[in-house]
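Q: let me see the structure of the following:
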Amino acid sequence: MPEFNHILTIAEGLHARPAGHFVKKTQGYAEKITLSKNGQKVDAKKLFSVLKLQAKNGDEITISVEGSNENQVIDELKNYCNAEL
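A: Residues are numbered from 1 along each chain as shown. Okay, here's the model as predicted:
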């Protein structure tokens, strides 16, 4: 199961709007995608779960992917995070 760490760089953190965009992006994949911060893991396809992490600017999040195209998905999510989060 590949994973990568990302430091949030958006000033407001992972609040409703960017979290919603992130969740919408993850929902486009059949693979299981997990988002974690400080050991707390949530389903990255569920908005309220992502918001529950209360990820702020400067926080490190970890995204992991499990499934048939996990390497392709992790690369696409890395690119998305580097551009958007």
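
Q: rest of the way, CA atoms for contacts and neighbours
A: Noted.

Q: only C-alpha atoms, please: export stretch 69-82 in CSV.
A: The C-alpha trace of stretch 69-82 is given here as CSV (Å, rounded to 0.1, in the frame of the first residue of the first chain):
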residue,chain,number,x,y,z
ASN,A,69,-4.2,0.9,-9.5
GLU,A,70,-2.8,2.2,-6.2
ASN,A,71,0.5,3.4,-7.7
GLN,A,72,-1.2,5.4,-10.4
VAL,A,73,-3.7,6.9,-7.9
ILE,A,74,-1.0,7.8,-5.4
ASP,A,75,0.9,9.6,-8.2
GLU,A,76,-2.2,11.5,-9.2
LEU,A,77,-3.0,12.5,-5.6
LYS,A,78,0.6,13.7,-5.0
ASN,A,79,0.3,15.9,-8.0
TYR,A,80,-3.1,17.2,-6.9
CYS,A,81,-1.9,17.9,-3.3
ASN,A,82,1.2,19.7,-4.5
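
Q: residues in contact with it?
A: Stretch 69-82 is contacted by residues 1-4, 6, 29, 31, 64-65 when judged by CA atoms under 8 Å, 6 or more residues apart in numbering.

Q: what of stretch 1-18?
A: With contact meaning CA under 8 Å, 6+ apart, stretch 1-18 is reached by 51, 54-67, 70-71, 74, 78, 81-82, 85.

Q: longest helix anywhere in this protein?
A: In the chain, with assignment by DSSP state H, the single longest helix is helix 70-84.

Q: and the least confident of the contacts of stretch 69-82?
A: Ranked by pLDDT, the contacts of stretch 69-82 bottom out at Met1 (91).

Q: assign His6 to helix, strand or coil.
A: Of the three states, His6 takes strand under DSSP: H, G, I helix; E, B strand; the rest coil.

Q: what's the helix or strand for the residue of the chain positioned farthest from its centre?
A: Ranked by distance from the centre of the chain (CA atoms, centre = their mean), the top residue is Ser68, with 18.4 Å. Using DSSP states H and E, Ser68 sits within no helix or strand.

Q: and it, what does it touch?
A: Applying CA under 8 Å, 6+ apart, we find Ser68 in contact with Glu31.
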